[in-house]
Structure formats: C-alpha cells, structure tokens
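>>> 3D model of this:
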Amino acid sequence: MKENLWKNIKLGFRTNKLAVAGAIAIVILTLAAVFAFLYPVDPNKISVTERWLWPSAGHPFGTDDMGRDYLARCLYGGRASLAAGFMAMILSTSIGIIVGSVSGFIGGKLDAVLMRIVDALMSLPTFLIMVVMNAYLKPGLQNVVLIIGFLTWMNIARIVRGETMSVNEREYVVYAKISGQKKLAVIVKHILPNIMPTIIVAATMNIANAILMESALSFFGMGLRPPTASWGSMLSNAQGYIATAPYMAFFPGLLILITVISFNYLGEVLRKIFEPK
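Model prediction:
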C-alpha cells in the first residue's frame with residue numbers, strides 16, 4: 001500500500017511540474033515568514049525622510065507612505081496571512097469532520113437536520129456574515145481565524161458525509177458495529193483513517209480560500225489592525241497610492257496570487273495521488 005502511494009506521489013509530481021513549483025513556493029514563503037526576524041529591519045520603523053522610495057539595493061521592495069521597509073512588511077505580513085490560512089483551515093476542517101462523520105454515520109433524522117443546517121448556512125452571503133461577525137468581535141488574528149473557520153466548514157462537512165456514507169457500508173465497518181464497538185470508536189478507528197486522503201485534499205484547497213478571505217477582510221479594513229501587517233491590509237493601504245507607488249500593491253498582490261495558485265495546484269495533484277481513478 002505504501003509503495004503504491006509513493007509511486008502515485010512520484011508520478012503525480014513528475015507529470016505536473018506546476019505542482020512541484022507550487023510546493024517549492026509554499027515552502028519558500030513559509031520559511032521566509034517563519035524566519036522573518038533574520039531580516040535585520042523593523043517592519044514598523046517609521047522614517048519620514050524615506051517615504052515612497054522605489055525598490056533599490058537598500059530597500060529591495062521599496063518603502064511605503066510612512067517610510068517603512070516594504071520587504072520587512074511583506075515578510076511579517078506573510079506570517080499573519082499564512083497563519084490565518086493554516087489555523088482557519090484546522091478549525092474549519094475539524095468542524096467539518098465532526099459534523100460530516102456524525103451525519104453520515106448515524107443518518108436518519110439527525111443527518112437530515114444537520115444537512116439542512118449546512119444548506120441554510122451555505123445559502124447565506126458569506127461576506128455579509130463576515131462583516132457582521134467582525135463588527136461584534138475585536139480586531140485581531142484570533143477573531144479573523146474564528147470568523148473564517150466558522151464560515152468555511154460546510155463544504156468539508158458535505159464531502160466527509162459522502163465519504164462516510166460510502167465507507168459505512170463496507171464489511172469491516174459493519175463487523176465493527178456488530179461486534180459491539182461504540183459509535184465514536186468505529187468513526188475514529190475505522191472510518192476516518194480510510195477517508196483521510198479526501199480530507200487532506202479538501203483541507204489543502206481550503207487553505208487557499210482562507211488566505212483569500214483573510215486578505216479580503218484586511219483589504220476592507222475588517223481584519224488585522226495597524227501596525228500589524230498582512231498582505232490584505234497592505235493592499236488596502238496601497239490603493240491610495242497606485243499612481244505614485246504601484247509597487248506597494250504589486251508585491252503583496254503577487255505574494256497572495258503565488259500562494260493561492262500554489263495551494264490550488266498542490267491540492268489538484270494530491271487529489272490525483274489519493275484518488276488515481
């Protein structure tokens with residue numbers, strides 16, 4: 001089984017060079033954000049005499065309207081954006097797994113009620129709910145993660161439910177039920193391990209959506225508050241200087257684009273690896 005998996009992984013990445021580039025880009029961006037402190041510049045240091053400097057040897061990404069080094073802002077902003085994406089993915093995936101597995105395993109009226117709740121939540125305008133929730137919560141990374149996590153679990157729940165219903169009819173699960181094992185034990189020991197590849201693929205794709213949502217929140221001034229930087233807040237600040245300093249929008253926008261596309265390609269190749277048929 002492991003040999004076949006490794007063969008599929010090698011084949012998947014060998015036949016999809018963009019996925020390889022995406023994986024490399026994700027690793028590089030993550031390491032750059034984690035080790036941002038190695039760049040010896042304070043991202044919040046204001047210098048009135050160095051405002052709107054174009055990219056140069058002294059400031060590779062230029063400076064912003066307050067004279068802050070833009071490369072440092074991008075590095076530390078990557079921490080916020082990537083952290084929000086990963087943590088929101090963990091939260092939404094956890095909720096989706098719980099709701100989807102319970103709904104698919106137990107079925108009946110509980111399944112009908114849970115799925116109607118999911119349908120109702122999916123029919124609501126997500127961004128409007130984000131705005132309302134943000135109005136009642138204090139600004140900060142923690143609340144951004146909560147907002148995104150609680151608004152993006154529904155698709156994963158539906159996927160997990162469908163996979164659970166499929167696995168639920170297999171012989172080893174039926175035997176586990178007949179042998180008297182508790183429902184929770186059957187779900188944890190027999191169902192979740194067999195649908196984990198599908199969950200991994202869905203979670204990978206969900207990271208890209210979470211990063212986009214965080215960027216949208218920050219862009220409209222509803223995410224992280226200054227002086228904390230994120231790629232979305234940097235884009236929001238740059239919109240007033242498009243004509244005079246277009247690089248202020250170019251660099252964070254490019255980083256968001258690379259990150260989202262990389263995760264999408266990675267999710268696509270993972271789907272082919274775990275579901276070769």
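>>> enumerate every residue touching the residue most central in space within the chain.
Closest residue to the average C-alpha location of the chain: residue 207 at 1.7 Å, with CA atoms, centre = their mean. By CB atoms under 8 Å, 6 or more residues apart in numbering, residue 207 lies in contact with 85-86, 89, 263. In this view, the C-beta of every residue, glycine as well, is placed from N, C-alpha and C.
>>> in strands only, show me those.
Within the contacts of residue 207, no residue falls in strands by DSSP state E.
>>> redo those residues as a markdown table? Include distance to residue 120 and neighbour count.
A markdown table is the format used below for these (distance: CB to CB, whole Å; neighbours: other CB atoms under 10 Å):
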| residue | distance to residue 120 | neighbour count |
| --- | --- | --- |
| 85 | 26 | 25 |
| 86 | 28 | 16 |
| 89 | 23 | 26 |
| 263 | 28 | 25 |
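>>> so of the residues you listed, which ones are in helices?
85-86, 89, 263 (DSSP state H).
>>> in JSON lines: the residues you listed, plus pLDDT.
Output for the ones in helices among the contacts of residue 207, formatted as JSON lines (pLDDT from 0 to 100):
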{"residue": "85", "pLDDT": "85"}
{"residue": "86", "pLDDT": "87"}
{"residue": "89", "pLDDT": "87"}
{"residue": "263", "pLDDT": "85"}
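>>> out of those residues, the closest to residue 73 would be?
residue 85 (18.1 Å; CB to CB).
>>> that closest one touches residue 214, doesn't it?
Yes. Residue 85 is within contact range of residue 214, at 6.5 Å (criterion: CB atoms under 8 Å).
>>> please enumerate residues in contact with stretch 157-175?
95-97, 99-101, 103-105, 107, 111, 114-115, 118, 186-187, 190-191, 194-195, 198-199, 202.
>>> export the ones in helices among the contacts of residue 207 as JSON lines, with columns for distance to residue 179.
Below are the ones in helices among the contacts of residue 207 laid out as JSON lines (distance: CB to CB, whole Å):
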{"residue": "85", "distance to residue 179": "41"}
{"residue": "86", "distance to residue 179": "38"}
{"residue": "89", "distance to residue 179": "35"}
{"residue": "263", "distance to residue 179": "41"}
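>>> from these, which two are the most distant?
86 and 263, at 10.6 Å, using CB to CB across these.
>>> can you confirm residue 147 is in a helix?
Yes. Judged by DSSP: H, G, I helix; E, B strand; the rest coil, residue 147 forms part of a helix.
>>> which element is residue 256 on?
helix 247-274 (DSSP states H and E).
>>> list the buried residues in that helix.
247-253, 255-256, 258-260, 262-274 (16 or more other CB atoms under 10 Å).
>>> who are the packing partners of it?
Judged by 3 or more CB pairs under 8 Å, 6 or more residues apart in numbering; DSSP states H and E, helix 247-274 is in contact with helix 2-14, helix 17-34, helix 70-106, helix 192-219, helix 231-238.
>>> out of these, which is closest to residue 126?
Of the helices and strands packed on helix 247-274, the one closest to residue 126 (CB to CB) turns out to be helix 192-219, at 8.0 Å.
>>> so residue 54 touches residue 250, yeah?
No. Between residue 54 and residue 250 there is no contact under CB under 8 Å: 11.2 Å.
>>> so how far is stretch 153-160 from its chain's centroid?
On the basis of CA atoms, centre = their mean, to the nearest Å, stretch 153-160 sits 15 Å off its chain's mean C-alpha point.
>>> would you mind writing the CA trace of that stretch as PDB?
Extracted C-alpha coordinates of stretch 153-160, given in PDB (Å, rounded to 0.1, in the frame of the first residue of the first chain):
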ATOM      1  CA  TRP A 153     -16.600  24.200   7.200                       C
ATOM      2  CA  MET A 154     -19.700  23.400   5.300                       C
ATOM      3  CA  ASN A 155     -18.100  22.100   2.100                       C
ATOM      4  CA  ILE A 156     -15.800  19.800   4.100                       C
ATOM      5  CA  ALA A 157     -18.800  18.600   6.100                       C
ATOM      6  CA  ARG A 158     -20.600  17.600   2.900                       C
ATOM      7  CA  ILE A 159     -17.500  15.900   1.500                       C
ATOM      8  CA  VAL A 160     -16.900  14.000   4.700                       C
END
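>>> average pLDDT for that stretch, rounded please.
Stretch 153-160 shows a mean pLDDT of 88.
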